[in-house]
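[1] coordinates for the following, if possible.
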Amino acid sequence: MKLCVLYVGSSLLGPLKNAEREINRTHKLNLHVAAYNFGSPLSDVEWERVDKDIAESQIVFVIHVMDGENASRLLSSLQQHKQAHNAVVVINCMPDLMRRTRLGRLDINALTSSGQNGSKSRSAKAMGAVAAAASWMGKQARGNKEKTRSHGKYLKLVDRLPQILRVVPTTGAFADAKHYLYLFCYFLQPTPKNIESMLLYALKHYGDGLLIQGRIPQPEHMPSVAIYHPAAQGLFESFIEYQKWYARYQAKHKVLAKKQSLDPQSTIGLLLMRPQVISKTTRHYDALIKAIEDEGLGVVPAIATLMDNREAVNTFFVDTPKTKGQRPKATVSQIVSLTGFSFVGGPAMNDSAAAAQFLTGLNVPYRSAVSLDTQTIEAWLHSQTGLNPIQAGMQIAIPEIDGATEPFIYGGISEQGREPEPLPERCVRLARRLSRWNRLRTAPRDQVRLAFTLFCFPPNKGNIGTAADLDVFPSLWDSLKRLKSEGYTLEVPESPDALRDLLLTGNTDQFGSQANVAYRMTAAEYLRLCPYAREIEKEWGPFPGNINTFRGEALIQGLTLGNIFIGIQPTFGFEGDPMRMMMARGGAPHHGFASFYIYLSKILNVDAVIHVGTHGALEFMPGKQVGLSDECWPDRLIDELPNLYLYSVNNPSEGSIAKRRSYAELISYLTPPIENAGLYKEMATLKDMLMSYRQSADERERERLYESIEELSKSLNFHAEDQANLQWHIST
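    Numbers count the residues shown, from 1 in each chain. As a prediction, this is how the structure comes out:
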């Protein structure tokens, strides 16, 4: 017998195959479960297999399929093979698919179109619960857009349903409604045992008379929010319980043992997808947790409902004040969402206003890392674009609206895999980035080293420190003064002009450079620190090339002011055709460009880089458009450096590129206000003379004014055609 499951995501694929094996072993059946991840578009060949499995299956489950080409083709396939199916169980899908739910005498399409509300029951309480659930199903099928709070109430209802359903009669169409809700209860608690029970329950009632021996267990109950840790035996439902366990665990950890247990200044709060933890498909989470702890940071990995992360955050990441009127305090230094959905709203909606209000009150950095759930690791690696549209929209764009940063890929599901797996090197790099951000947040100000990066395009000494809508040197000077007042170690030049002169003059004569040379990088140092040097040589020849070089060394142009470095970002290199480098399939930055970022991250070892103004070249280097890999040049060059970017508020499209391709956190500045510029100097005098000429009735005064106008216009370099226009103004 064949059973087909069509599901968006990766947490069920492994448990479904495990359940198939266990059912066949225990019940001596010949069950085949055909399971497909519907998260990304399928090829025609793949669709032929899907359609064949749908046609041959007696029972079909459709879960979390929201929209897109897959949903359209699935609707057609379900309709075409309708007669073959004993049951079609649709859960949390788009309205048109929800209406395909059909189990025995229960037909949701008929229910929603006729407005039926069920029959009477011996138990008013049970009937009320089922009617409420059926009502919610009907609203889903009709496309009703409910608010998040309604989803929360519904989940609490479903939490109580297994106990309530025991007293519900099992006769007629009402029995089929009860069976649907039981299947829903199993799915919402997707432990390996519940997934096995869900399949058994469907087979028992809709499996063509299959005899399922023994009683099918009631749905296992798991907490809606809890703390998970791979080294623990179970879940923790209170922070205090986890804190006690973590103190014992930490004492045995070679790196964490020297730290204060779950210190709020050095603890990362992770938000995990509940289905993946419940179904025990957590290898990617486990690797990232280990990598973070190996950096010396504590971890509170909290599982949250798909609908709303605020409950988990309030329960495990916040110290609720005992005194009324005090603001809650965060017990973590950063929050990293690994759920891949919006902070408030889950996969089906987004309440960004509620998310922004909540996170602003909490006042800790919020980041959203990415696990590849709707495309395979191989598809991502081979794609020039990177993430597919569903993944980019759900896991990048929507979290950005909530305020999330750092869209770093750390894991996913492989072509032959059945559950998510980590990308080990990416997990380590993400952990190191979090560690660098943590140091920036907690280190004494007088020990923090920062690098300001100025742009120069087109390459010309006069273009150093230019940016759209920003007066760079006065803005930079004001920033330096602010840093000095807050305790950073630096000496501030006496004025913006003095700062400009120090940077643009300095030792330029000695090296024939456009700006002061702060460092000279040798070939030996470059080859030791740059793991991509050989790739760059294929494009630009041997180090150091011809850009920003002197006697076989790469020149790092900039100015050191105590713990603050002000550097000049090297030019693209392809100045005749700068677009050649923009997110190209091939190509590489030149040696000088790579040397600059190597100097910042591995020699000067700054704590953060601040790119000043809109915009530079880093985020436009070759690589994927979104969802970068370690073969993409922006990912390679920024390395583990926290990246802050002063960016014009009127350019959100390219600002998004900077956020996604160089992991930048944008600090917006306003565009200059538009004013009536008017005339200046002698032009204003000329205007006044013209007005006087027009208004004068005295011919002698008009002659004198005319001569003065002619003389002044010549001194202002009006040409013959301008003189003709001026003559016209005088005459009219």
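[2] low-scoring stretches of the stretch 251-400 of the chain, by residue?
    In the predicted model of the stretch 251-400 of the chain, residues 325, 347-348 satisfy pLDDT under 70.
[3] show me where it has its strands.
    All strands of the stretch 251-400 of the chain, identified by DSSP state E, counting those that start in this stretch, fall at 267-273, 298-304, 318-319, 329-330, 334-337, 366-368, 370-376.
[4] contacting residues for residue 629?
    For residue 629, the residues meeting the contact criterion (Cβ atoms under 8 Å, 6 or more residues apart in numbering) are 380-381, 386, 409, 623, 635. (Each C-beta comes from the backbone N, C-alpha and C, glycine too.)
[5] nearest to residue 697, of those residues?
    residue 623 (73.5 Å; Cβ to Cβ).
[6] taking strand 267-273 as reference, get the angle to the strand or helix carrying residue 247.
    Using DSSP states H and E, residue 247 falls within helix 239-251. Relative orientation of helix 239-251 versus strand 267-273 (axes from the mean of the first three to the mean of the last three Cα atoms, to 10 degrees): 120 degrees.
[7] what's opposite residue 103 in the beta bridge?
    Beta bridges link residue 103 to residue 87, residue 106, judged by DSSP bridges.
[8] for it, give me its contacts.
    Contacts of residue 103 by Cβ under 8 Å, 6+ apart are 87-89, 176, 179-180, 205-206.
[9] where does the protein dip in pLDDT?
    Low-confidence segments of the chain, defined by pLDDT under 70: 111-173, 325, 347-348, 457-462, 574-586, 719-732.
[10] can you pull the contacts of the nearest residue to residue 420 once chain neighbours are set aside?
    Counting by Cβ to Cβ, 6 or more residues apart in numbering, the nearest residue to residue 420 once its immediate chain neighbours are dropped is residue 284, at 4.4 Å. Residues near residue 284 by Cβ under 8 Å, 6+ apart: 371, 410-412, 420-422, 427.
[11] cool, residue 280 as well?
    Shown in contact with residue 280 (Cβ under 8 Å, 6+ apart): 15, 191-192.
[12] look up phi and psi at it.
    When read as degrees, to the nearest 10, the backbone of residue 280 gives phi 60, psi 40.
[13] from residue 14, how far off is it?
    8 Å (Cβ to Cβ, to the nearest Å).
[14] can you give the contact residues for stretch 353-361?
    If you take Cβ under 8 Å, 6+ apart as the criterion, stretch 353-361 is touched by 148, 310, 313, 327-328, 335, 342-344, 366, 401-403.
[15] only whichever of these are buried, select them in PyMOL.
    To isolate the buried members of the contacts of stretch 353-361 in PyMOL, using 16 or more other Cβ atoms under 10 Å:
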select buried, resi 148+310+313+335+342+343+344+366+402+403
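[16] using JSON lines, lay out the contacts of stretch 353-361 together with distance to residue 628.
    Output for the contacts of stretch 353-361, formatted as JSON lines (distance: Cβ to Cβ, whole Å):
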{"residue": "148", "distance to residue 628": "31"}
{"residue": "310", "distance to residue 628": "30"}
{"residue": "313", "distance to residue 628": "28"}
{"residue": "327", "distance to residue 628": "37"}
{"residue": "328", "distance to residue 628": "35"}
{"residue": "335", "distance to residue 628": "22"}
{"residue": "342", "distance to residue 628": "22"}
{"residue": "343", "distance to residue 628": "23"}
{"residue": "344", "distance to residue 628": "27"}
{"residue": "366", "distance to residue 628": "20"}
{"residue": "401", "distance to residue 628": "20"}
{"residue": "402", "distance to residue 628": "21"}
{"residue": "403", "distance to residue 628": "20"}
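[17] and the contacts of residue 103 as JSON lines, adding neighbour count?
    Compiled in JSON lines, those are given as follows (neighbours: other Cβ atoms under 10 Å):
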{"residue": "87", "neighbour count": "24"}
{"residue": "88", "neighbour count": "23"}
{"residue": "89", "neighbour count": "23"}
{"residue": "176", "neighbour count": "20"}
{"residue": "179", "neighbour count": "22"}
{"residue": "180", "neighbour count": "24"}
{"residue": "205", "neighbour count": "22"}
{"residue": "206", "neighbour count": "22"}
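[18] which of those residues fall in helices?
    176, 179-180, 205-206 (DSSP state H).
[19] out of the contacts of residue 280, grab the one that's most surrounded.
    residue 15 (26 neighbours; other Cβ atoms under 10 Å).
[20] buried stuff in the host helix or strand of that residue?
    Assigned by DSSP H and E, residue 15 belongs to helix 13-27. Judged by neighbour count (16+ other Cβ under 10 Å), helix 13-27 contains these buried residues: 13-16, 18-20, 22-23.
[21] also stretch 94-105?
    Across stretch 94-105, burial judged by 16+ other Cβ under 10 Å covers 94, 96-104.
[22] max-length strand in this protein?
    Determined from DSSP state E, the single longest strand within the chain is strand 553-561.
[23] show me what it is packed up against.
    helix 496-504, strand 517-521, strand 564-568, helix 591-598 (3 or more Cβ pairs under 8 Å, 6 or more residues apart in numbering; DSSP states H and E).
[24] what packs against the third one?
    The one in question is strand 564-568. Judged by 3+ Cβ pairs under 8 Å, 6+ apart, strand 564-568 is in contact with strand 450-454, helix 472-485, helix 496-504, strand 553-561.
[25] just to revisit the earlier point, list the contacts of the helix holding residue 247.
    With contacts defined as Cβ under 8 Å, 6+ apart, helix 239-251 is touched by 227, 229, 231-232, 236, 256-257, 259, 261-262, 298, 300, 315-316, 331.
[26] got the CA coordinates for that helix in CSV?
    Extracted in CSV, the C-alpha atoms of helix 239-251 (Å, rounded to 0.1, in the frame of the first residue of the first chain):
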residue,chain,number,x,y,z
PHE,A,239,14.9,28.9,32.7
ILE,A,240,15.9,28.1,36.3
GLU,A,241,15.9,24.4,35.7
TYR,A,242,18.1,24.9,32.6
GLN,A,243,20.4,27.3,34.5
LYS,A,244,21.1,24.6,37.2
TRP,A,245,21.8,22.0,34.6
TYR,A,246,24.0,24.3,32.5
ALA,A,247,26.2,25.1,35.5
ARG,A,248,27.0,21.4,35.8
TYR,A,249,27.5,21.1,32.1
GLN,A,250,29.6,24.2,31.8
ALA,A,251,32.0,23.0,34.6
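[27] buried set for it?
    Neighbour counts over helix 239-251 (16+ other Cβ under 10 Å) mark 239, 242-243, 245-246, 249-250 as buried.
[28] I'd like those residues as JSON lines, with distance to residue 274 appended.
    Putting those into JSON lines (distance: Cβ to Cβ, whole Å) gives the following:
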{"residue": "239", "distance to residue 274": "17"}
{"residue": "242", "distance to residue 274": "16"}
{"residue": "243", "distance to residue 274": "21"}
{"residue": "245", "distance to residue 274": "20"}
{"residue": "246", "distance to residue 274": "21"}
{"residue": "249", "distance to residue 274": "22"}
{"residue": "250", "distance to residue 274": "25"}
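[29] between those, which sits nearest residue 691?
    residue 239 (77.1 Å).
[30] of all the helices and strands packed on strand 553-561, which one is nearest residue 639?
    Going by Cβ to Cβ, the one of the helices and strands packed on strand 553-561 nearest residue 639 is helix 591-598, 7.0 Å.
[31] quick one: residue 285 from residue 380, how far?
    From residue 285 to residue 380 the distance is 19 Å (Cβ to Cβ).
[32] okay, those two: which has more neighbours?
    Legend: neighbour count by other Cβ under 10 Å for residue 285 and residue 380, higher for residue 285 (26 against 21).
[33] just list whatever residues bridge to residue 648.
    Judged by DSSP bridges, the bridge partners of residue 648 are residue 669.
[34] surely it touches residue 666?
    No - using Cβ atoms under 8 Å, residue 648 is not in contact with residue 666, being 9.6 Å away.
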